[in-house]
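In: I would like the atomic coordinates for the input below:
(chains A and B)
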Amino acid sequence: MEMSAQFTVLCVDDEAIGLQIRKALLEHAGYHVLTALSGEEGLVLLEGHAVDVVLLDYLMPGMNGGEVAARMRAMRPGIPILLHSACVDLPADIRDLVDDVLAKGEGPHALLQRLRQILEAAKLAVKREM
Amino acid sequence: MNLQEFQRVLRQAFFVPILALLALAGVLLWQITSAQKAQQWLDHSDEVSAGIAELEGLIMDQETGLRGYELTGDAAMLAPYKAAVPLIARRFASLREMVSDNPAQETNLLHIEKRYDQWLSFAEGLLARPDTFSDRALNRHGGDLMYAVRSSIRQMRQVEERLRQGRLEHSIVLERREITVLLGGALLVGILLSLFSLSRLQRVSDVYQKSLGEIHEGREWLRTTLRSIGDAVIVCEADGSVEFMNPVAEQLTGWPKEEAAGHPLSEVFRIVNEFTNEEAENPVEKVRRLNKVIALANHTVLIARNELRHIIDDSAAPIFGKAGELAGVVLVFRDVTEKRRAEAALTASEKLAVAGRLAASIAHEIHNPLDSIGNLHYLLAEETDPVRRAEYLKLAQQELDRTLQISRSLLNLYREPNAPVQIDIADLIGSVLLLLKRRLDNQSVSVAYRPADLAIIEGFPAELRQVFTNLIINAAEATGAQGKIQISIHEAPSEELRGSGVIVEILDSGPGIPAAIAQKLFQPFFTTKGNHGTGLGLWISMGIVQKHGGSIQISNSTHPELHGACVRVFLPTRTLMTSLSRTTAYTG
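Out: Got it, this is the predicted structure:
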């Protein structure tokens, strides 16, 4: 609703309920939302869909957020990634892999604002390249 | 001086006086023999003199007989004359024999014999011619002859007298010498023996004095050592009465040594159980019963004379006499009140450290539902559709329940019942794994958990949660990323030295325990984790398990896939522990 063009967000989180609620929130904000319960699943979705931004959890069974981000960047180097985690001891080099890091629990306003910022930055970058 | 030397001195003291007295006796014997010989010579002179006197008497008798016959003509008068002839001859023979050793007297005797023979032939001639009896000239001649005989006899007698005199003097000299030698010898030997005994006694006495000095020094040294020792020492007689105390013991018991001496130990050394206040067994009785070194039971409190309480650690050892009988008991103890406080502080700090280790995981666990609740709250504010709102509220409740569950399990880590409770150990480990789930997931550590059906034990759940949290985190840290942990619970039937219980076995796929550190694992402050560990985890865990009556064994796994460490925790079904004896912070 707030966005004129509908962006597609890929949400990756192993917390099913949290993921479901986040999907409702983002849809309410006007995004098109894809959800994945693991990194592997997220990579499959990224390959098959036109994803504009990735909202990625860090602590997950199997592949963690860092690994997932690295693979996504390998697949699509320009893809904006917002790491969204409750983890308090993230590795220091994680910021090199993602566009931004947001702690879980900051609230829905912060989440939506960061998403917008990342998307705008990505749009500017795309324009500059053109 | 050794025993051999001492025996030599004893032998000297025995034999030297005997030899000295024998020598003295020999000298005296020689002296006595000389004196006896002198006496014999004196007797000999007397015999010779007597023989001469008898000879003179016989000759006189003969002459008297001859004179009487001459005057009276009576033949009976001649009887003495005739009777004397053989007697005189015999006397001459015996005298000759007697003086054969003396040439001078022999000559004198020959002289007498010759003159007597002259007189006798004159007398025989006279008797043959009775007509000449009155011839005066002839008679005078006979008188002269007799005079010559008698003068010779006198001469011989005088010589013998002089001889006797000389011998008498010699005998007297010898007798004096004998007395002198006796007295002098006795005095000399006495003095020498006294000096000898004195020197021997002096020698023994010197050594004795030296030994006494050494014994005294040794006693002083021991006394000083015992006085200087940091531990309290009480020495008891075999009957249990106090014999010696060092100053530390005096201070801890509040009894001065002089007053305590002779009192029964149980009066001076009052010990009770720290928690129940029940009187503890008298260590002297226990040593007497077991006849070996014993340590006091844990949680022993010594109550001083002024009712001050000290937590003590101690041991008691028997003192055996030469024959192996119990001669006494020595008690060594020390005040561990401060140590116990320090340990309690360490225990408390380790609890905090466990909380610290869990903090990240818990923050994550709580942030996830809180994030959802925040989102739901936003959506609820925007949403007007009642069906949607109801759904959001339901979801919010679910997420709140999850938060509560996590905070409750966190609280359970610290909240403790006052008495041991029935614990399903499988449940307990399940709840620990729940708390650790995130952390393990983070590392991609997979946990295979095989709980047993019936693993109910008595104990304190919060402490056991602490133990298993520690052990599982250790295993996870050992395996590293992508590691594997296997946790299994087995029933443990009772064995010879322990009752029945359960064994929790934790295997990991880490590198195992290097032999060099295996010994130190349970020591406080030993850590392989640098600044990330307190080094207290296993130490505290061991303390908790031991207080439950259990044990922890750490070895290297023999599992075909998991080659790391194998930790086996045995917990008895029934614990002897009371709520008071667990590791609570000491508040005395």
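
In: can you find the helix or strand in chain A with the smallest mean pLDDT?
Out: helix A:94-97 (a mean of 82; mean pLDDT, DSSP states H and E).

In: next SSE downstream of that one?
Out: Per DSSP states H and E, the first helix or strand lying C-terminal to helix A:94-97 is strand A:100-103.

In: list the buried residues for that next one?
Out: For strand A:100-103, burial by neighbour count (16 or more other Cβ atoms under 10 Å in any protein chain shown) applies to A:101-103. C-beta coordinates here come from the backbone N, C-alpha and C atoms, glycine included.

In: please name every helix or strand in contact with it.
Out: strand A:81-85, helix A:108-129 (3 or more Cβ pairs under 8 Å, 6 or more residues apart in numbering or on different chains; DSSP states H and E).

In: contacts for the first one, please.
Out: By that I understand strand A:81-85. For strand A:81-85, contacts defined as Cβ atoms under 8 Å, 6 or more residues apart in numbering or on different chains pick out A:13, A:53-59, A:65, A:69, A:72-73, A:90, A:94, A:97-104, A:111, A:114-115, A:118.

In: show me just the buried residues among these.
Out: Buried by 16+ other Cβ under 10 Å: A:13, A:53-59, A:65, A:69, A:72, A:90, A:94, A:97-99, A:101-104, A:111, A:114-115, A:118, out of the contacts of strand A:81-85.

In: for chain B, what helix or strand is lowest in average pLDDT?
Out: Counting by mean pLDDT, DSSP H and E, the weakest-scoring helix or strand in chain B turns out to be helix B:515-518, with a mean of 75.

In: what helices or strands is the following helix or strand past that one leaning on?
Out: Per DSSP H and E, helix B:515-518 leads on to helix B:537-547 as the next helix or strand towards the C-terminus. Applying 3+ Cβ pairs under 8 Å, 6+ apart, one finds that helix B:537-547 makes contact with helix B:337-382, helix B:461-479, strand B:551-556, strand B:565-572.

In: what about the helices in chain B?
Out: B:3-72, B:79-98, B:103-128, B:136-228, B:247-253, B:257-260, B:265-268, B:283-290, B:337-382, B:386-412, B:425-442, B:461-479, B:515-518, B:537-547 (DSSP state H).

In: residue B:379: neighbour count?
Out: Counted by other Cβ atoms under 10 Å in any protein chain shown, the residues lying close to residue B:379 total 22.

In: thought it was touching residue A:25?
Out: Yes: Residue B:379 is within contact range of residue A:25, at 5.8 Å (criterion: Cβ atoms under 8 Å).

In: list the residues that contact both of those two?
Out: Shared contacts of residue B:379 and residue A:25 (Cβ under 8 Å, 6+ apart): residue A:108.

In: could you tell me the least trusted of the helices of chain B?
Out: Per-stretch mean pLDDT for those is lowest at helix B:515-518 (a mean of 75).

In: give the buried residues for stretch B:148-166.
Out: Neighbour-count burial for stretch B:148-166, counted by 16+ other Cβ under 10 Å, picks out B:148-150, B:152-153, B:156-157, B:159-160, B:163-164.

In: buried sites along stretch B:286-294?
Out: B:286-287, B:294.

In: how near is residue B:541 to residue B:349?
Out: Here residue B:541 is placed at a distance of 15 Å from residue B:349 (Cβ to Cβ, to the nearest Å).

In: neighbour count: the two, which is higher?
Out: Each of residue B:541 and residue B:349 has its neighbours counted (other Cβ under 10 Å); residue B:541 has more, 24 against 13.

In: does the residue nearest the centre of chain A sit in a helix, a strand or a coil?
Out: In chain A, the C-alpha nearest the mean C-alpha coordinate belongs to residue A:55, at 1.6 Å (Cα atoms, centre = their mean). Three-state call for residue A:55 (DSSP: H, G, I helix; E, B strand; the rest coil): strand.

In: that one touches residue A:10, doesn't it?
Out: Yes: using Cβ under 8 Å, residue A:55 is in contact with residue A:10, at 7.0 Å.

In: out of the helices and strands packed on helix B:537-547, which is closest to residue B:243?
Out: Minimum separation from residue B:243 across the helices and strands packed on helix B:537-547 (Cβ to Cβ) falls at helix B:337-382, 26.7 Å.

In: and the angle for the closest one with helix B:537-547?
Out: 110 degrees (axes from the mean of the first three to the mean of the last three Cα atoms, to 10 degrees).
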